[in-house]
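Colleague: no sequence on this one, just coordinates:
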DNA sequence: GAGCACTGC
């Protein structure tokens, strides 16, 4: 290991050197002119609680926006709302809102604060996530919510008028919802100068975020409105309570990171004191391979390796397999957890002392020209690398082994990843903004602008769905109905069409199933899973098969045993029931009639066509290997082997989504009659598609 | 006959 590894800095540098000149507030409210530029290292002081409290209150009092850079464990998430409440920001019925990008984080942070304050969760301190509203409209003063829920709330209350302070946490992750929210909050601020924003994050491009919120544009002031607020955001940095993590870099670049992973884990196990190891790889394939290699090597290398417990971790695992990683290591044993990005932010593992970072993760990229989203293995950013390293320092000082060179980290790794906004299909985003009355979508002020091509493509798709009119305004009622449904607009359109076709009950069921990851359990026994699927298979395709599964689940009285027997994921089915109930409620509110078509499957297929006509494909004439071409774009595509229509190859099909590997595979496919296409979208299929 | 990073409404 000595000649293999080169130690890096003793402590991970948590912010980039080039950002060393961040505007720093000295946290001394008595001298109001104490701005100064300080190097980040010198400002990373551990603020005593009272000083931290006074400076937060002072900054929020005097600035419309405050940016807090605070590492994990800095206490910012629970302390700030508490201080603000004590200072009266939640008086007179006003509410302090705090967003998180994940449901689990919302729940645990709210519970922690309620406990710290000695109040009952759901009263003074509450939270709202999808399917769960633990607040009391009379008493709740501090409310935690997911950023997506706050966005939904804006549809009823565009200025978020009941909130006096909005804190957006984990802003550095730059999730789609967070970025939309930040753009909208900047707009709201101009209408509501008294609204206070707090942008909180771990590492962040603090200067560029401050720049974004620094609204220099002069706007006519109303009489008496000048409240003396500073419009230039204040930046405050707080140190976390994490332990030091020593960073090691590899001396020479490796060509096979799987092999490098295995040998690194083995040398840690042989040479380092006890403590669990967390390895970051990219996906299920890599992880399963690494688990097998390490297990084999441990068996072959003598008694020193007996104490290894090697466990995979990714979201596709069953609940019980995932739970294994949380059980504490038995005495004298060392756990090695081989994980995807799920352990970077979504799950927190206790007892990790060593981290091995491959430097890669799978990332989604969207090509607006082909309208295809791809999942590709790509290098991570410095911010991710630091987040991964930080996972080693939660219980005691740790070590992080990076499978790339220090030179690569310093000179080649990008400092932050590409924001999700710039890697995604934007149909949902655009319709959300339209529903909020934002007409000039192309001129919207984003923290990170998406490409004009993605915007134009999203507008085109929404236009073809009949959701936007010639002036790019939401149509009535369809456009507004589609915007209200918390789904991809193509699925929403399918639900609205099902209303007239008299099959909304069935289509809502299918929509709910399509919106969970998979209702099938992922097992090694592929044959048995295929056999189980055959019990539900419908000749019309996967959508109808899903309906059969749902009906069987109801007949079994929603039994988990029945699910197990049929290779169906019980937790996924429970979620399907929740989503289905929510969709029914929204549909009713929108004035849709909930009707069942019983066994008239043709209307169900027509409803699918009404939403997904753009995904129609035709089997190539004389094709022997099941080659299809998309009607729009003539792309070569194939039915995925997991589909019940695999090898059936009906002449005309519609797919729900594409997965790209060496080929483009259609997942979740249904057969259609081509005449329905023109019926559903005459403007889209002006030429009769059967004329090929 | 093959593959599913991760969230969220």
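Modeller: Cool, the structure landed. The structure presented is a predicted model; accordingly, all values stated were derived computationally and were not measured.

Colleague: tell me the secondary structure of residue A:68, please.
Modeller: strand (DSSP: H, G, I helix; E, B strand; the rest coil).

Colleague: looks like it contacts residue A:197 (just checking).
Modeller: No. Look at residue A:68 against residue A:197 with CB atoms under 8 Å: they stay out of range, at 10.9 Å. Placement of C-beta: from N, CA and C, glycine included.

Colleague: the domain parsing of chain A - what is it?
Modeller: A:17-215+A:227-238, A:245-420, A:425-479, A:608-691 (automatic domain parsing).

Colleague: for residue A:671, what are phi and psi?
Modeller: phi -80, psi 150 (degrees, to the nearest 10).

Colleague: ok, now which ones touch it?
Modeller: A:539, A:540, A:541, A:605, A:645, A:650, A:651, A:652, A:653 (CB atoms under 8 Å, 6 or more residues apart in numbering).

Colleague: tell me which element residue A:180 falls in.
Modeller: Assessed by DSSP states H and E, residue A:180 sits inside helix A:176-191.

Colleague: ok, the closest residue in space to residue A:408 that isn't next to it in sequence to DNA strand B distance?
Modeller: Nearest non-adjacent residue to residue A:408, counting by CB to CB, 6 or more residues apart in numbering: residue A:253, 7.1 Å away. The spacing between residue A:253 and DNA strand B, counted by CB to the nearest atom of the strand, to the nearest Å, is 23 Å.

Colleague: excluding its backbone neighbours, what's nearest the most centrally placed residue in chain A?
Modeller: With distances taken as CA atoms, centre = their mean, residue A:175 lies nearest the centre of chain A, 6.3 Å away. Closest residue in space to residue A:175, ignoring its immediate chain neighbours: residue A:101 at 4.8 Å, by CB to CB, 6+ apart.

Colleague: now do residue A:53
Modeller: residue A:83 is the one closest to residue A:53 (CB to CB, 6+ apart), at 5.0 Å.

Colleague: which residues are contacting whichever strand or helix holds the one you found?
Modeller: Per DSSP H and E, residue A:83 falls inside helix A:76-86. For helix A:76-86, the surrounding residues in contact (CB under 8 Å, 6+ apart) are A:49, A:52-53, A:56-57, A:60, A:68, A:70, A:90, A:96, A:98, A:100, A:109, A:112-113, A:116-117, A:141-142, A:165, A:167, A:169, A:198, A:200, A:238.

Colleague: any stretches of the stretch 201-350 of chain A with poor pLDDT?
Modeller: Within the stretch 201-350 of chain A, the stretches with pLDDT under 70 are A:204, A:216-227, A:302-306.

Colleague: likewise chain A?
Modeller: Ranges of chain A meeting pLDDT under 70: A:1-48, A:72, A:204, A:216-227, A:302-306, A:524, A:687-692.

Colleague: so where do the strands sit in the stretch 501-650 of chain A?
Modeller: A:616-619, A:628-630, A:636-639 (DSSP state E, counting those that start in this stretch).

Colleague: give me the phi and psi for residue A:206.
Modeller: According to degrees, to the nearest 10, residue A:206 has phi -60, psi -40.

Colleague: I figured it was touching residue A:69, is that so?
Modeller: Yes. Using CB under 8 Å, residue A:206 is in contact with residue A:69, at 5.5 Å.

Colleague: who has more neighbours out of these two?
Modeller: Higher neighbour count among residue A:206 and residue A:69: residue A:69, with 29 against 24, using other CB atoms under 10 Å.

Colleague: find the nearest non-adjacent residue to the more buried one, please.
Modeller: Residue A:69 sits nearest to residue A:237 (CB to CB, 6+ apart), 4.3 Å away.

Colleague: next, count neighbours for the residue lying closest to residue A:513 once chain neighbours are set aside.
Modeller: With sequence-adjacent residues excluded and distances taken as CB to CB, 6+ apart, residue A:513 is closest to residue A:546, at 4.4 Å. Residue A:546 sits with 23 neighbouring residues when counted by other CB under 10 Å.

Colleague: tell me which of the strands of the stretch 501-650 of chain A lies nearest to residue A:411.
Modeller: strand A:636-639 (40.2 Å; CB to CB).

Colleague: partner strands of the helix or strand that comes right after that closest one and their direction?
Modeller: Counting by DSSP H and E, the next helix or strand C-terminal to strand A:636-639 is strand A:652-660. Applying DSSP bridges, strand A:652-660 is found paired with strand A:616-619 (antiparallel), strand A:664-671 (antiparallel).

Colleague: tell me how far the residue nearest to residue A:408 lies from residue A:404.
Modeller: Between residue A:253 and residue A:404 the computed distance is 7 Å (CB to CB, to the nearest Å).

Colleague: in three-state terms, label residue A:682 for me.
Modeller: Classified using three-state DSSP, residue A:682 is coil.

Colleague: neighbours of it, just the number please.
Modeller: Around residue A:682 there are 9 residues (other CB under 10 Å).

Colleague: likewise for residue A:154?
Modeller: Quick note: residue A:154 (other CB under 10 Å) scores 18 neighbours.

Colleague: how near is the residue nearest to residue A:175 to residue A:570?
Modeller: 27 Å.

Colleague: circling back to that earlier point, wait, which of the contacts of residue A:671 is closest to DNA strand B?
Modeller: residue A:645 (11.8 Å; CB to the nearest atom of the strand).
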